[in-house]
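>>> Structure for this input, please:
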Amino acid sequence: MTNKELFEALRMFEKEKDIPMDYMLQQIRKAIEIACKNYYGGNENVVFKADPEKNTFDVKLVKTIVDEVFDPNFEVTLEESQQINKRKKFVVGDEVEVPLDPKRLGRIAVASARNVIRQGIRAGEKGQSLLEFQSKLGEIATATVERVDPIKGIATIRIGKSEAMLPKSEQVGCENLREGDHVKVYIADVKDNERGPHAIISRSHPGFVRRLFEQEVPEIYDGIVEIKSVSREAGSRTKMAVISSNPDVDAIGACIGPRGARVNSIVEELGGEKIDIIEYSDEPEKYISAALSPATVVKVDITDEEKKSCKATVPDGQLSLAIGNKGQNARLAARLTGWRIDIRPESGFYGEDEEEEEAPVVEEVEEAAEEIAEETAVEVAEEAAEEAADEPADESDQDAEA
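The predicted model follows:
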């Protein structure tokens with residue numbers, strides 16, 4: 001390969017992989033230094049010059065000028081140095097740059113150099129992937145499905161020029177992804193470990209819904225309407241609390257859009273997932289009541305403000321509606337508000353009042369039993385004393401009196 005072909009290959013690599021040419025030249029220099037160290041007995045003092053504009057590539061090995069050469073890997077005679085560079089006058093002790101042909105480094109040294117370059121390329125690709133993922137952290141990216149595991153359902157997707165894995169657990173409901181599909185994904189986290197940088201991507205994360213509304217609702221993007229909290233069970237239902245900083249703008253209406261156009265497009269993206277949008281309030285009672293919708297809440301009693309626990313009373317006929325299918329509505333409301341919610345019917349649970357009164361009754365019975373026991377003990381003692389006083393004296397006592 002000529003110098004021109006080398007630089008053309010580096011330019012093409014830079015365009016396809018987004019790895020800068022300067023980085024690749026550094027890896028080539030590092031590879032030549034290692035090759036020289038292996039081939040020239042440890043001499044890695046290399047002068048490396050490369051000019052991409054002129055397509056020039058020059059490598060020289062630095063040696064010391066001596067009277068008598070003992071180690072040709074590090075030393076050269078004065079006469080040889082003058083032949084190398086005729087324009088400069090050298091003296092013993094100077095250093096001279098000896099032109100080096102990388103092709104003459106030997107098969108093992110060249111193989112080592114290739115491995116270094118390959119490692120550098122992989123490291124460069126990982127670095128580019130890490131930068132690409134980090135730039136999209138917490139955002140939605142459009143990805144292309146490259147392949148899907150037919151057994152586990154894990155989808156391999158491409159985001160830009162990087163690959164990522166979308167597990168079945170992070171997909172929405174029972175959606176079936178196919179090769180070539182374009183899907184929106186949420187970059188939840190970026191990690192870099194021994195296997196290299198990789199993104200934690202999801203379509204089931206609550207942040208995915210948040211970003212979809214930010215893209216769809218201009219009032220949210222402009223900061224007029226704020227999303228305070230989102231709780232979600234992907235593929236089934238989402239609850240979202242919003243508030244408006246402008247009294248003239250209805251936060252819920254802005255999210256729903258004209259004839260439900262805005263929220264319907266998001267529901268379609270989520271495969272028909274239900275979305276409950278409620279208005280946020282700084283008053284816990286109002287906030288919790290709204291979070292339990294579509295059920296109507298009669299009242300909310302705060303039982304422990306520090307532990308954030310409360311009792312929510314609902315009409316008897318709406319208890320199942322407030323709890324939801326398998327407790328979903330109550331569970332999402334608790335996640336949304338951050339409160340532990342005890343839902344009770346308006347008429348109360350059967351036997352609830354009797355349990356609360358049980359303790360005082362037991363205490364009264366125990367106190368009465370103690371009083372009876374004390375009175376009985378006194379009566380027994382008095383009767384024993386009277387019987388002892390009425391009994392006749394023993395014979396021994398009568399003899400003593402005689």
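>>> Quick check: which ranges of the stretch 51-200 of the chain have low pLDDT?
Applying pLDDT under 70 to the stretch 51-200 of the chain flags the ranges 101-117, 120-130, 193-197.
>>> so Ala334 touches Ile343, yeah?
No. Counting by Cβ atoms under 8 Å, Ala334 does not reach Ile343; the two are 10.0 Å apart. Every residue, glycine included, has its C-beta placed from N, CA and C.
>>> Counting neighbours around each, name which of these two comes out higher.
Between Ala334 and Ile343, counted using other Cβ atoms under 10 Å, the more crowded position is Ile343 (21 against 18).
>>> Confirm that one sits in a strand?
Yes. Ile343 forms part of a strand when assessed by DSSP: H, G, I helix; E, B strand; the rest coil.
>>> residue contacts, it?
For Ile343, the contact set (Cβ atoms under 8 Å, 6 or more residues apart in numbering) comprises Leu292, Lys311, Ala312, Val314, Leu319, Ala322, Ile323, Ala330.
>>> Equivalent analysis for Leu177, please.
Listed by Cβ under 8 Å, 6+ apart, the contact set of Leu177 reads Val145, Val148, Ala155, Leu166, Gln171, Val183.
>>> give me phi/psi at it?
Per-residue torsions, Leu177: phi -80, psi 150 (degrees, to the nearest 10).
>>> ok, Arg262 touching Pro218?
No. Using Cβ under 8 Å, Arg262 makes no contact with Pro218, being 9.4 Å away.
>>> These two: who's more crowded?
Of the pair Arg262 and Pro218, Arg262 is the one with more neighbours under other Cβ under 10 Å, namely 21 against 12.
>>> part of a strand, is the more buried one?
No. With three-state DSSP as the criterion, Arg262 is located in helix rather than a strand.
>>> any idea of the pLDDT on the nearest residue to it once chain neighbours are set aside?
Of all residues not flanking Arg262 in the chain, Glu216 sits nearest, at 5.0 Å (Cβ to Cβ, 6 or more residues apart in numbering). On pLDDT, Glu216 comes in at 94.
>>> Looking at the backbone only, give me phi and psi for Glu216.
Backbone torsions for Glu216, taken as degrees, to the nearest 10, come to phi -90, psi -30.
>>> do the same with Lys228
Lys228 adopts backbone torsions of phi -90, psi -40, taken as degrees, to the nearest 10.
>>> And for it, the neighbour number?
When neighbours are counted by other Cβ under 10 Å, Lys228 registers 16.
>>> surely it meets Val242?
Yes. Applying Cβ under 8 Å, one finds Lys228 in contact with Val242, separated by 6.6 Å.
>>> overlap in contacts of these two?
Common contacts of Lys228 and Val242, defined by Cβ under 8 Å, 6+ apart, comprise Tyr280.
>>> before we move on, the earlier item: the residue nearest to Arg262: neighbour count?
When counting by other Cβ under 10 Å, one arrives at 18 neighbours for Glu216.
>>> Equivalent analysis for Ser309, please.
Neighbours of Ser309 under the rule other Cβ under 10 Å: 13.
>>> quick one: it from Val225, how far?
According to Cβ to Cβ, to the nearest Å, Ser309 and Val225 sit 30 Å apart.
>>> With Val314 instead?
Here Val314 is placed at a distance of 29 Å from Val225 (Cβ to Cβ).
>>> ok, back up a step: among the contacts of Leu177, which one has the most neighbours?
Ranked by the number of neighbours (other Cβ under 10 Å), the contacts of Leu177 place Ala155 first, at 27 neighbours.
>>> tell me, what residue is most central in this structure?
Nearest to the mean C-alpha position of the chain, by Cα atoms, centre = their mean, lies Asp189 at 4.5 Å.
>>> in the stretch 151-300 of the chain, which spans are helices?
Using DSSP state H, counting those that start in this stretch, the helices of the stretch 151-300 of the chain run over 206-216, 218-221, 251-256, 261-269, 284-291.
>>> Can you lay out these as CSV showing distance to Tyr39?
Shown next, in CSV, are these (distance: least, Cβ to Cβ, whole Å):
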stretch, distance to Tyr39
helix 206-216, 55
helix 218-221, 61
helix 251-256, 69
helix 261-269, 60
helix 284-291, 73
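>>> For Gln26, find the nearest of these.
Relative to Gln26, the nearest member of the helices of the stretch 151-300 of the chain by Cβ to Cβ is helix 206-216, separated by 38.1 Å.
>>> For that closest one, name the packing helices and strands.
On a contact count with 3 or more Cβ pairs under 8 Å, 6 or more residues apart in numbering; DSSP states H and E, helix 206-216 meets strand 140-148, strand 182-193, helix 218-221, strand 225-233, strand 237-244, helix 261-269.
>>> right, so the ones you listed: which one is the most enclosed?
For these, the largest average neighbour count (mean count of other Cβ atoms under 10 Å) is found in strand 237-244, namely a mean of 21.
>>> For it, the averaged confidence score.
What strand 237-244 shows for mean pLDDT is 96.
>>> got the angle between that strand and strand 225-233?
With axes from the mean of the first three to the mean of the last three Cα atoms, to 10 degrees defining the directions, strand 237-244 sits at 170 degrees from strand 225-233.
>>> ok, residues contacting strand 237-244?
Applying Cβ under 8 Å, 6+ apart, the contact partners of strand 237-244 are 206, 209-210, 213, 219-220, 224-232, 250-252, 254-255, 270, 273-280, 287, 290-291, 328-329, 332-333, 335-337.
>>> Then stretch 215-230?
Under Cβ under 8 Å, 6+ apart, the answer for stretch 215-230 is 140, 206-207, 209-210, 213-214, 238-246, 249, 251, 254-255, 257, 262, 265-266, 280, 336-338.
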